[in-house]
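Asks: for reference, the sequence and a predicted model appear below.
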Amino acid sequence: MTNQNVVVPDSRKGIGITIAMALSKSLLSPFVPKLLPAAPDGCFTISRKMFSKKTETEGKTHSWVDSMRDSSPTRAKPTTSLSETQEKNTWIVNHPSALNMFEQIVNGSKGKQIVMFLDYDGTLSPIVEDPDRAFMTNEMREAVRDVGRYFPTAIVTGRCRDKVYSFVRLAGLYYAGSHGMDIKGPSKNSCRNKRNVLFQPASEFLRMIDEVYNVLLERTKCIPGAKVEDNKFCISVHFRCVEEKMWATLVERVRSVLNGYPKLRLTQGRKVLEIRPTIKWDKGKALEFLLESLGYANSTDVLPVYIGDDRTDEDAFKVLRSRGQGLGILVSKVPKETNASYSLQEPTEASTLILLAKGFLFSFRC
Ligand SMILES: O=P(O)(O)OC[C@H]1O[C@H](O[C@H]2O[C@H](CO)[C@@H](O)[C@H](O)[C@H]2O)[C@H](O)[C@@H](O)[C@@H]1O
């Protein structure tokens with residue numbers, strides 16, 4: 001297609017609506033007048049390139065909304081079709097329950113140093129509407145504390161490190177916040193023989209993230225239910241409590257803010273849009289970094305176990321697959337495309353698994 005200019009009459013002056021009719025009012029009004037002042041004859045021009053850019057933008061918004069819808073089943077379906085049952089059965093065969101396979105897992109771990117990696121939301125705590133109230137149970141905390149006494153244990157999360165620490169409150173663990181971009185080891189006083197680690201590969205983005213957070217707060221405040229969360233090196237824009245009819249508006253606003261920040265990228269989690277630096281760093285890299293810090297970079301005697309529920313955890317599952325080492329365990333009630341090897345249905349099962357591991361260790365040490 002050539003980049004010819006298309007003349008569009010200025011409807012503000014009431015001079016007919018030729019092409020404007022074809023383009024539709026909603027398509028033109030927020031876009032063209034801002035970019036082009038009216039020409040003396042009352043017409044302004046819009047290039048095909050600009051026109052197709054607008055439609056392209058709308059197309060992208062639609063595909064975001066589709067993906068938000070697809071990944072956000074609101075409630076369990078009352079009936080299950082035969083093909084769904086078959087799909088579930090196949091999935092369970094390929095990703096068996098880590099609880100059912102516990103004995104085999106234990107046998108395979110003999111003589112190896114286990115290192116535990118635990119995602120927070122949807123793994124250690126149930127998914128709830130208010131992200132500020134996603135508390136873990138005391139039982140889960142006890143289980144994590146006990147496992148952390150025997151194995152190096154890291155919490156790997158999209159959240160801000162301080163925030164997740166305020167939920168977990170266990171001093172002897174490693175914490176990798178902001179999708180692994182903010183890593184800190186246990187404080188020296190809490191654990192004498194653990195190494196002191198601090199790594200922040202995206203520190204240069206701190207000011208930019210802060211700025212974008214404030215702009216997003218402003219741009220989304222009139223969308224009921226939208227919540228912007230500052231995760232230090234990344235930002236979450238929650239749409240769990242936003243009516244579906246407003247999702248397109250929300251995505252448009254977020255994307256239009258990000259247009260001014262090409263060094264930031266947008267991804268999607270569980271009813272959340274996540275904004276983070278484009279650097280090549282993710283939960284998988286954080287896992288590798290921690291293994292290296294613990295002295296297991298090239299060890300064949302280490303067994304990393306990663307439990308997570310979200311798309312961002314897939315980066316860690318992929319690393320385990322490519323190392324041909326360790327156990328990736330996905331927490332999910334429904335079949336999902338995943339690089340994990342095992343599955344658990346929900347956080348309570350993760351706590352049972354952690355308790356079993358603790359019980360096993362206890363009997364082993366006695
Ligand atoms: O890596 P994670 O620990 O899984 O963090 C990912 C996001 O988790 C949080 O949001 C999710 O949990 C909320 C509380 O249950 C829920 O309301 C929300 O819909 C979920 O997406 C957290 O608030 C986000 O900042 C994290 O990016």
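Replies: Right, received. Where do you want to start?

Asks: contacts and neighbour counts: CA atoms only from here.
Replies: Fine.

Asks: up against the ligand, what does the protein have?
Replies: Residues of the chain lying close to the ligand (Cα under 6 Å from any ligand atom) are 119-122, 126-131, 134, 157-159, 229, 236, 240, 269-272, 310.

Asks: how deep is residue 86 tucked in, by neighbour count?
Replies: 11 (other Cα atoms under 10 Å).

Asks: any idea how far it lies from the ligand?
Replies: Computed as Cα to the nearest ligand atom, to the nearest Å, the residue 86 to the ligand distance reads 28 Å.

Asks: tell me the buried residues in the helix or strand hosting that residue?
Replies: Taking DSSP states H and E as the definition, residue 86 sits inside helix 82-94. By neighbour count with 16 or more other Cα atoms under 10 Å, helix 82-94 contains the buried residues 88, 91, 92.

Asks: again with stretch 169-179
Replies: 170, 171, 172, 173, 174, 175, 176, 177, 178, 179.

Asks: can you redo the residues you listed as CSV with secondary structure?
Replies: Below are these laid out as CSV (DSSP: H, G, I helix; E, B strand; the rest coil):
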residue, secondary structure
170, coil
171, coil
172, coil
173, coil
174, strand
175, strand
176, strand
177, strand
178, helix
179, helix
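
Asks: which of the residues you listed sits closest to the ligand?
Replies: Nearest to the ligand, judged by Cα to the nearest ligand atom, of those is residue 179 at 6.3 Å.

Asks: quick check: pLDDT value at the closest residue to that closest one other than its chain neighbours.
Replies: Setting aside the residues directly before and after it, residue 179 is nearest to residue 158 in space (Cα to Cα, 6 or more residues apart in numbering), at 4.2 Å. Among the per-residue scores, residue 158 holds a pLDDT of 98.

Asks: distance of the residue in the stretch 1-150 of the chain positioned nearest to the ligand from residue 133?
Replies: Going by Cα to the nearest ligand atom, the ligand is nearest to residue 127 of the stretch 1-150 of the chain, at 3.2 Å. Separation of residue 127 from residue 133 (Cα to Cα, to the nearest Å): 10 Å.

Asks: quick one: contacts for residue 94?
Replies: By Cα atoms under 8 Å, 6 or more residues apart in numbering, the contact set of residue 94 is 341, 342.

Asks: how about residue 198?
Replies: 182, 183, 184, 185.

Asks: can you rerun that using 7 Å?
Replies: Contacts here follow Cα atoms under 7 Å, 6 or more residues apart in numbering; on that basis residue 198 touches 183, 184, 185.

Asks: tell me the secondary structure for the first one?
Replies: Right, residue 183. Per three-state DSSP, residue 183 ends up strand.

Asks: can you pull the contacts of the closest residue to it other than its chain neighbours?
Replies: Distance criterion Cα to Cα, 6+ apart; nearest residue to residue 183, sequence neighbours excluded, is residue 176 at 4.2 Å. Counting by Cα under 7 Å, 6+ apart, residue 176 touches 155, 156, 157, 161, 182, 183, 184.

Asks: nearest to the ligand, of those?
Replies: Nearest to the ligand among the contacts of residue 176 is residue 157, at 3.5 Å by Cα to the nearest ligand atom.

Asks: that closest one contacts residue 119, doesn't it?
Replies: Yes - taking contacts as Cα atoms under 7 Å, residue 157 lies within contact range of residue 119: 5.4 Å.

Asks: so what's the residue count around the residue of the stretch 1-150 of the chain closest to the ligand?
Replies: Residues contacting residue 127 under the criterion other Cα under 10 Å number 17.

Asks: picking that back up, ok, and the most crowded of the contacts of residue 176?
Replies: residue 156 leads the contacts of residue 176 on contacts (other Cα under 10 Å) with 32 neighbours.

Asks: mind listing the strands for this structure?
Replies: Using DSSP state E, the strands found in the chain span residues 5-9, 43-47, 113-118, 153-156, 174-177, 182-184, 198-199, 227-230, 235-238, 264-269, 272-277, 302-308, 327-331, 342-344.
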